[in-house]
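*Asks:* turn this into a structure:
(chains A and B)
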Amino acid sequence: MLQFILKRLGLAILVAFTVSFISFSLLFLSGDPAAALAGETASGEDIEALRRLYGFDRPMLVQYGDWLFSALRGDFGESYYFRLPVASLIADRLSVTMTLGVCGITFALLTAVPLGVVAAIRPNSIIDRIALFISVAGQAMPSFWFGLILIVVFAIQLGWLPPSGTDTWRHFILPTVVLGYYAMPAIMRLTRAGMLDVLNSDYIRTARAKGANETRVMFRHALRNAIIPVVSLAAVQMGFMLGGSIVVESIFALHGAGYLAWESIARNDLPTVQALILIFSMFYIVFTFLADVLNAWLDPRMRSS
Amino acid sequence: MITASTHDSLLDEITGPTPSQMLRKRIFGHQGFLIGAIVLILLTIVAILAPWIAPHDPYAQSLMTRMEPPVFMGGDWEHPLGTDHLGRDYLSRLIYGARISLLIGAVAALISGVIGTAMGVAAGYFGGKVDAVVTFLINVRLAMPVVLVALAVVAILGGSLQVVIGVLGLLLWDRFAVVMRASTMQVRRREYVAAAQVIGASTPRILLSEIMPNIANNLIVVVTLEMAHAILLEAALSFLGLGVQPPTPSWGLMVSEGKNMMLFEPWLVLIPGAVLFVLVLAINLMGDGLRDVTAPENRS
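*Replies:* Numbering: from 1, shown residues only, chains lettered A, B, ... in the order given. Have a look, this model is predicted:
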């Protein structure tokens, strides 16, 4: 087990460094960040001054090394737009995104798992059909459109919930539904497939033959085994959702890290964008690493692969 | 010794349906696949014939006829789906928008399909170090937040159709690589691959004429899924203002432009979003159907 963890940890760190290099070099695509930063009306001297000020005149690898070592110490430089340290800027905004992410995945699990279980217990029933419809629709639903519809219906027509902002918990309900619905179809399909698989296995038949009541069979024997892959999928989905929260945060004007990313990209704020790409990637890497370890802990057969 | 029952089953085998007949039967018996395919074909025809069937020029502005409602909300047949805030005919913009979505979906899926399939097949067939490198690249790619990276790159390079297609094509190869790698690993162990190796067939030949035809059904399923994925992402990027730029009639952009008038004219947002939803739904239904039809034993 320890060997497995160390191996996965080494891999995760290697992935993290590669991602950091790619995300750094991506932003050199523009050819000349100084010219982009100075704007179209700037003179050659202005651009040259900016280039020296931010150190763009040095070789890219040197700049990368510099950036990486500062980043490892938690220093991501200063935002071009906000004139504040990027690290504190992001730290301020991250709590909103994390809250949204946790609410979203909780909503997805609380709706998808029961629905998947019921669908598997009664295949081809009405509930199974409804579950299938919800998951197929969820995969095709543009989240920005779904969000706008919810705003029109629940915030404007019915007036039940606020349309935007972060002041109270009620502000988080609509964004949670939109973000959660994005993760729901995959979790539900996996729960249903896992339950169907497990329910046909010998040990379930044995449990029933012993005379265990149906509730006990479902929860103690079936769900416990079917839920293992769902746990790791949920962790991976959580990583995806933090990245996907850009769209949701922009619709509902939630001033979290996703909204910050959108603002910074539109304003050419390179240090902030670089830092955000790196931080979102780190979240994904950490979550998948935890999912791998959790999986190996729950199911020893996973440790060999 | 031939008994009556083995004789019957032998007869069945000779006179029964051929594999292609069975496949055809499964295809036409699968509702989801049929519905998805019909909707997709219809929308493709509409996209191709756009210049002939669109009632108006999608770019023509008319300040006299701004924000006219659709027919079902009291408008007239001159503009069946009404006009937008610049007086442009909404139906015409929707029809031309189908071109943008389908073009981006198809080309992005093609680019990412070529990249991902090459990586996945190489990893699955050669294994060892090649596999380790490809698996590592897949992990790196999965760790990068797609929306964020795509937005940033499009912002740097400028939001043209080519840039959006290129960025999505270079970002969405992960599922191709994962699925093709797993499929190739399964096929590689079959006898006919060993037989081809034994008669001295070259590696490219084995890959192209032994491996590829036998993983093609999985490939087609991933193509449909990634096409849907690319279409949704383009719409999201354009909605955020960092994808295809105005005045191009992209559906995501139309939702974004209608957003400010959503309170009074909700159809400005509802119609393009609904069309986008239907297109993606159709492609997904077709993909799910293809999976069921080509591999009934793997049905979930």
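*Asks:* going forward, measure contacts and count neighbours with C-alpha atoms only.
*Replies:* Noted.
*Asks:* excluding its backbone neighbours, what's nearest the most centrally placed residue in chain B?
*Replies:* Centroid-nearest residue in chain B, with C-alpha atoms, centre = their mean: B:Met227, separated by 2.0 Å. Closest residue to B:Met227 apart from its sequence neighbours, by C-alpha to C-alpha, 6 or more residues apart in numbering or on different chains: B:Gly105 at 4.5 Å.
*Asks:* pull out the buried positions in the helix or strand hosting that neighbour.
*Replies:* Per DSSP states H and E, B:Gly105 falls inside helix B:90-126. Neighbour-count burial for helix B:90-126, counted by 16 or more other C-alpha atoms under 10 Å in any protein chain shown, picks out B:90-125.
*Asks:* for that helix, the averaged confidence score.
*Replies:* The average pLDDT within helix B:90-126 is 92.
*Asks:* next helix or strand past it?
*Replies:* Note on helix B:90-126: by DSSP H and E, the next helix or strand toward the C-terminus is helix B:128-143.
*Asks:* now that following helix, how far from the centre of its chain.
*Replies:* On the basis of C-alpha atoms, centre = their mean, to the nearest Å, helix B:128-143 sits 24 Å off its chain's mean C-alpha point.
*Asks:* and stretch A:6-26, by the same measure?
*Replies:* Distance of stretch A:6-26 from the chain centroid (C-alpha atoms, centre = their mean) equals 17 Å.
*Asks:* ok, now stretch B:27-38?
*Replies:* Remark: stretch B:27-38 is offset 16 Å from the chain centroid, using C-alpha atoms, centre = their mean.
*Asks:* so what's the nearest residue to A:Arg170 once chain neighbours are set aside scoring on pLDDT?
*Replies:* Excluding its sequence neighbours, the residue lying closest to A:Arg170 (C-alpha to C-alpha, 6+ apart) is A:Leu161, at 6.5 Å. pLDDT for A:Leu161: 75.
*Asks:* ok so A:Leu161 is a helix residue?
*Replies:* No: when classified by DSSP: H, G, I helix; E, B strand; the rest coil, A:Leu161 is found to be coil rather than part of a helix.
*Asks:* and it, how many residues sit next to it?
*Replies:* 17 (other C-alpha atoms under 10 Å in any protein chain shown).
*Asks:* ok, it - contacts?
*Replies:* A:Phe154, A:Ala155, A:Arg170, A:His171, A:Ile173, A:Leu174 (C-alpha atoms under 8 Å, 6 or more residues apart in numbering or on different chains).
*Asks:* number of nearby residues for the last one?
*Replies:* Right, the one you point to is A:Leu174. 23.
*Asks:* quick check: it vs A:Tyr181, distance?
*Replies:* 11 Å (C-alpha to C-alpha, to the nearest Å).
*Asks:* any chance you could list what contacts the strand or helix carrying A:Ser25?
*Replies:* Assigned by DSSP H and E, A:Ser25 falls within helix A:2-26. With contacts defined as C-alpha under 8 Å, 6+ apart, helix A:2-26 is touched by A:60, A:64, A:68, A:274, A:277-278, A:281-282, A:285-286, A:289, A:292-293, A:303-304, B:136, B:139-141, B:143-144, B:149, B:153.
*Asks:* 6 Å instead?
*Replies:* Contacting residues not belonging to helix A:2-26 are listed as A:Leu278, B:Val140 [C-alpha atoms under 6 Å, 6 or more residues apart in numbering or on different chains].
*Asks:* swap in stretch A:229-237?
*Replies:* Here stretch A:229-237 has contacts from A:Phe287, A:Thr288, A:Ala291, using C-alpha under 6 Å, 6+ apart.
*Asks:* stretch B:214-231 too?
*Replies:* B:Ser101, B:Gly105, B:Ala106, B:Ala109, B:Val280, B:Gly287.
*Asks:* and with 7 Å instead?
*Replies:* For stretch B:214-231, the surrounding residues in contact (C-alpha atoms under 7 Å, 6 or more residues apart in numbering or on different chains) are B:101, B:104-106, B:108-109, B:113, B:168, B:176, B:180, B:183-184, B:280, B:283-284, B:287, B:290-291, B:294.
*Asks:* excluding sequence neighbours, find me the nearest residue to B:Leu161.
*Replies:* Closest to B:Leu161 by C-alpha to C-alpha, 6+ apart is B:Val244, at 5.8 Å.
*Asks:* which parts of the stretch 51-200 of chain A sit against chain B?
*Replies:* By C-alpha under 7 Å from any C-alpha of the partner chain, the residues of the stretch 51-200 of chain A that approach chain B are A:Ala137, A:Ala140, A:Met141, A:Pro142, A:Phe144, A:Trp145, A:Ala193.
*Asks:* just the pLDDT at the last one, thanks.
*Replies:* Looking at A:Ala193, its pLDDT is 86.
*Asks:* give me the angle between the one helix or strand A:Met241 maps to and helix B:128-143.
*Replies:* Assigned by DSSP H and E, A:Met241 belongs to helix A:224-251. Relative orientation of helix A:224-251 and helix B:128-143, computed by axes from the mean of the first three to the mean of the last three C-alpha atoms, to 10 degrees: 50 degrees.
*Asks:* mean confidence for helix A:224-251?
*Replies:* Here the average pLDDT along helix A:224-251 is 82.
*Asks:* how far does that helix sit from the chain's center?
*Replies:* Centroid separation for helix A:224-251 versus its chain: 6 Å, with C-alpha atoms, centre = their mean.
*Asks:* quick check: A:Trp67 vs chain B, distance?
*Replies:* Using C-alpha to the nearest C-alpha, to the nearest Å, one gets 18 Å for the distance from A:Trp67 to chain B.
*Asks:* gap between the residue nearest to B:Met227 and chain A?
*Replies:* Taking C-alpha to the nearest C-alpha, one finds B:Gly105 at 14 Å from chain A.
*Asks:* what residues does that residue make contact with?
*Replies:* Each residue near B:Gly105 by C-alpha under 7 Å, 6+ apart is listed here: B:Met227, B:Ala228, B:Ala230, B:Ile231.
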